[in-house]
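Trainee: The following block contains a protein sequence and its predicted model.
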Amino acid sequence: MQALNGFRDFYPEAFAQRAFLFETWRRVASGYGFVEYDGPPLESLDLFTKKSGEEIVGQLYNFVDKGDRPVTLRPEMTPTFARMVAARHRDYKKPLKWMAVPQVFRYERPQKGRLREHYQLNCDIVGEESLSADVELIACLVDVLRAFGLTSKDFVIRMSDRQFWIDFLKENGVPESEWYLKLQAIDKSEREKPEVTRDKLGPLAEKIEKIFAEGASSERISTVVNGLKAMGLEEYVQVDFRIVRGLAYYTGIVFEAFDRSGEFRAIAGGGRYDSLLKNLCEVDLPALGFGLGDVVLAELLKSKGLLPEVPKQLDYYVAIAEESFREQALGLIHLLRDKGNRVDYPLISQKMGKQFESAESRGAEKVIIVDALILQGIVSVKTVATREQVQVSILDIQNSDAI
Ligand code: HAM
C-alpha cells in the first residue's frame with residue numbers, strides 16, 4: 001500500500017530535512033519578533049468559501065462530517081488566522097506579529113512543486129496600516145531565504161500593488177463584480193496562452209499589456225522599495241505589475257518569490273489584506289502576511305546543493321565487546337543519557353565489526369568501547385571521523401559534560 005497521490009511519507013532522512021527547514025524558518029521569523037501559534041487543521045467549510053476566492057474553493061478537501069456539518073481540511077492558514085485574531089484581538093497589543101507552520105491541503109493535480117499537502121511558514125502582522133509593516137514583512141521573507149544560503153542570484157521577490165489594479169479597473173468602468181475575474185486573468189497571464197488572457201481581459205487587454213511591458217508607478221510601491229533599500233535589500237526585489245496574486249482577499253502591496261532561473265513554481269506569496277478581518281468577522285483591522293511552502297523551497301535548495309546531508313543522529317554508540325560487560329555498559333549509557341547525550345548500543349550480543357558498522361550508519365560522532373578495561377574503570381573512545389582513539393576513565397565522564 002502506498003500513500004495517497006500527492007501525499008508524502010516522511011522517512012527519517014526526509015523528516016530530518018523537513019526539520020532543518022522548519023528550524024530555519026522558526027529561527028529567522030522569531031528573530032523578527034514573530035511568535036508562534038497554531039489552529040485546527042479541520043475547519044468549517046464556510047470559513048474558506050466566503051472570502052478566499054473561487055480558485056481555492058475548487059481545491060478544497062471538504063466533506064460532511066458524522067454530525068452533518070460541512071467541513072474542510074485547511075487549504076491555507078490565513079482565514080483561520082483572521083478568525084483567531086478577530087476573536088481575541090483585544091488581548092494582544094498591536095501590531096501583532098504571529099507565525100505558524102501549518103500543514104495545508106489542496107486538491108490540486110500533483111506535479112513538480114505542487115502536491116496535495118504541504119507545509120507553509122506563515123508570517124502575518126495585524127493592526128498596522130503603515131507601509132513600514134510591508135517593508136518589515138518582505139525583509140523577513142528575504143532573510144528566511146537568505147538563511148538557507150540563497151542569494152540574490154538565486155531568487156527574487158516580485159512585488160506589485162493590487163490597489164493599483166483595482167483603481168485601474170474602477171477608472172476603466174469595470175463593474176466590481178468582475179474585478180476578481182480580471183485580477184485572476186492577470187495573475188494567470190504568465191502561465192496561460194496570450195490569446196486566453198486577452199480573451200479574459202476583453203477590451204482592456206491592450207492597456208493592461210502595455211502596463212506589463214512598460215510598468216507603472218505607485219506611491220505605495222516606491223515607499224516599500226525605498227524602505228527595503230534602506231535595509232540594503234533592494235537587490236532581492238523587483239517591481240512587476242504582472243503579480244496580483246490569485247487569492248481574492250488581497251488589497252494592497254502583493255508579492256511573490258521566484259527562483260531567478262524561472263525553473264520552479266512560486267516559492268512564496270503574500271500581501272496586504274486589510275478587509276479580510278472585517279469581511280469575515282466584523283473586526284476592522286489592517287493585516288498582511290506571507291506563506292512560504294516547503295515543497296518548492298526544498299527543490300530549489302537541492303538544485304543548489306544547499307540541503308545538508310542527513311545530520312548526525314547520535315553522539316555516542318556504545319560497543320560492548322563481551323556480554324559479561326553489558327551491565328557496566330548499561331550503567332555508562334544511562335550516565336551519558338542523563339547528561340543529555342544521544343546514545344545507542346546493540347540490544348543483543350554482536351561481533352565488534354557489526355557494532356562499528358551500526359555506529360557509522362547511525363551517524364555516531366564517537367564510539368565508546370566497553371571491554372576488559374572497564375574492570376579498571378576505563379573505556380576507549382574512538383572518534384569516527386578521524387579514527388583517533390583515547391582512553392577515558394568513567395570517573396572523568398561522571399565529572400564532566402563532554403568526553
Ligand atoms: P499561496 O500563494 O496560495 O498563498 O501559497 C503560498 C505558497 O505555498 C506558494 O508560494 C507555494 O510555495 C506553496 N504552495 C501553494 N500550493 C501548493 C501546493 N499545492 N503544493 C506545494 N506547495 C504549495 C497563501 O496560501 C496565503 N494564505 C499566504 C498568506 C499568508 N497571505 C497572507 N498571509
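Mentor: Cool, the structure landed.

Trainee: so where's this structure uncertain?
Mentor: The model of the chain has pLDDT under 70 over residues 402.

Trainee: quick one, longest helix in it?
Mentor: helix 12-31 (DSSP state H).

Trainee: The residue lying closest to residue 129 once chain neighbours are set aside: how many residues sit nearby?
Mentor: Using C-beta to C-beta, 6 or more residues apart in numbering and skipping the chain neighbours, the partner closest in space to residue 129 is residue 286 (4.8 Å). For the C-beta atoms, the positions are set from N, CA and C on the backbone; glycine is no exception. Residue 286 has 22 neighbours, counted by other C-beta atoms under 10 Å.

Trainee: what's the answer for the one 10 residues further on, then?
Mentor: Other residues near residue 296 come to 21 when the count uses other C-beta under 10 Å.

Trainee: Equivalent analysis for residue 70, please.
Mentor: Residue 70 has 12 neighbouring residues, counting by other C-beta under 10 Å.

Trainee: Ok, the one 3 residues further on next?
Mentor: Residue 73 has 20 neighbouring residues, counting by other C-beta under 10 Å.

Trainee: Report the separation between it and the ligand.
Mentor: In this view, residue 73 and the ligand are 12 Å apart by C-beta to the nearest ligand atom, to the nearest Å.

Trainee: Contact partners for that residue?
Mentor: Shown in contact with residue 73 (C-beta atoms under 8 Å, 6 or more residues apart in numbering): 41-42, 60-62, 104-105.

Trainee: which among those gets closest to residue 140?
Mentor: Set against residue 140, the nearest of these by C-beta to C-beta is residue 104 (19.6 Å).

Trainee: Now do the SS call for the closest one.
Mentor: strand (DSSP: H, G, I helix; E, B strand; the rest coil).

Trainee: who in the stretch 51-200 of the chain is up against the ligand?
Mentor: 76-78, 106, 108, 114-115, 118, 120, 122, 124 (C-beta under 6 Å from any ligand atom).

Trainee: repeat that for 8 Å
Mentor: For the stretch 51-200 of the chain, the residues in contact with the ligand (C-beta under 8 Å from any ligand atom) are 56, 59, 75-78, 81, 104, 106, 108, 113-118, 120, 122-124.

Trainee: For PyMOL, write the selection for the buried entries among these.
Mentor: Typed into PyMOL, the line below selects the buried ones among these, using 16 or more other C-beta atoms under 10 Å:
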select buried, resi 56+59+75+76+77+78+81+104+106+113+115+116+117+118+120+122+123+124
